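Student: no FASTA, just this:
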């Protein structure tokens, strides 16, 4: 739905000046009603990654600082040279990247619903969610038919991205996805949701992450303890001569999400 109306918006001639297009006269300063904020806060409270949704929210907040951005535009510089592109290749790459990013966005939303439903015992049918949304709301899309089918095939699907059909498509489209984001970065064009979606994909597909360093940092500065790959339990390291034993390390992890 949003992609469809975007096409209509870009094509709408300005009805007040009879020159150019409405979108070019619209102030680049976006308000919000709170649904994005509620979703991002709920995700954080429940330990669920909603980075694509949060990045879209952050983009609105950045846009609202119009006066600051105008001032910064005279101080902060972008790249001195813009990469050359092949128009048809770029159009196709954007189409592929947009699809992949949309799948990640839906995956995060479904993950949030599933996490809370499992914890609270609600028994939410994610297949039915997709069917209901397709019936009429701002996120309705033909893609929801395929999402509904994915959860019909496996109602306990941990993440939409690992459904065999969606996984194959994300794997196949990732080159375009990466090219678009690389081009945006090289051109000095912000692409927060695209970037967040690819980071989500790359993080989720890794069997091992640099979170091992984060564990060690937390133990170093706060004695929060860390877990190991070679044995069970929680451990504390006396990293320097100033570090001392903290006693029962298990008590240090109480209250963690």
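Tutor: Done, it's in. Keep in mind it's a predicted model, so treat the numbers as computed, not measured. Residues are numbered from 1 along each chain as shown.
Student: hey, let's count contacts and neighbours off CA atoms from now on
Tutor: Will do.
Student: Mind listing what's buried along stretch 215-225?
Tutor: When neighbours are counted by 16 or more other Cα atoms under 10 Å, the buried residues of stretch 215-225 are found to be 216, 219, 220, 223, 224, 225.
Student: typo on my end, it should be stretch 90-110
Tutor: Counting neighbours by 16+ other Cα under 10 Å, the buried set in stretch 90-110 is 93-94, 96-110.
Student: what's the model's confidence in it, averaged?
Tutor: Rounded to a whole number, the mean pLDDT of stretch 90-110 is 97.
Student: And the contacts of it?
Tutor: Under the criterion Cα atoms under 8 Å, 6 or more residues apart in numbering, residues 48-53, 126, 159-161, 166, 169-170, 173-174, 176-180, 193-194, 197-198, 200-201 lie in contact with stretch 90-110.
Student: Mind checking which of those residues are in helices?
Tutor: In helices, defined here by DSSP state H, the members of the contacts of stretch 90-110 are 51-53, 126, 166, 169-170, 173-174, 176-180, 193-194, 197-198, 200-201.
Student: Going through the residues you listed, which ones are buried?
Tutor: When the ones in helices among the contacts of stretch 90-110 are checked for burial by 16+ other Cα under 10 Å, the buried set is 51-53, 126, 166, 169-170, 173-174, 176-178, 180, 193-194, 197-198, 200-201.
Student: Which parts of the stretch 151-257 of the chain are strands?
Tutor: Taking DSSP state E, counting those that start in this stretch to define them, one finds strands in the stretch 151-257 of the chain at 226-227, 234-235.
Student: Deepest in the core, which of those is it.
Tutor: Each of the strands of the stretch 151-257 of the chain was assessed for mean neighbour count using mean count of other Cα atoms under 10 Å. The highest is strand 226-227, with a mean of 18.
Student: How far away from the center of its chain is it?
Tutor: On the basis of Cα atoms, centre = their mean, to the nearest Å, strand 226-227 is displaced by 27 Å from the centre of the chain it belongs to.
Student: Same question for stretch 44-61.
Tutor: Its chain's average C-alpha position is 7 Å from that of stretch 44-61, according to Cα atoms, centre = their mean.
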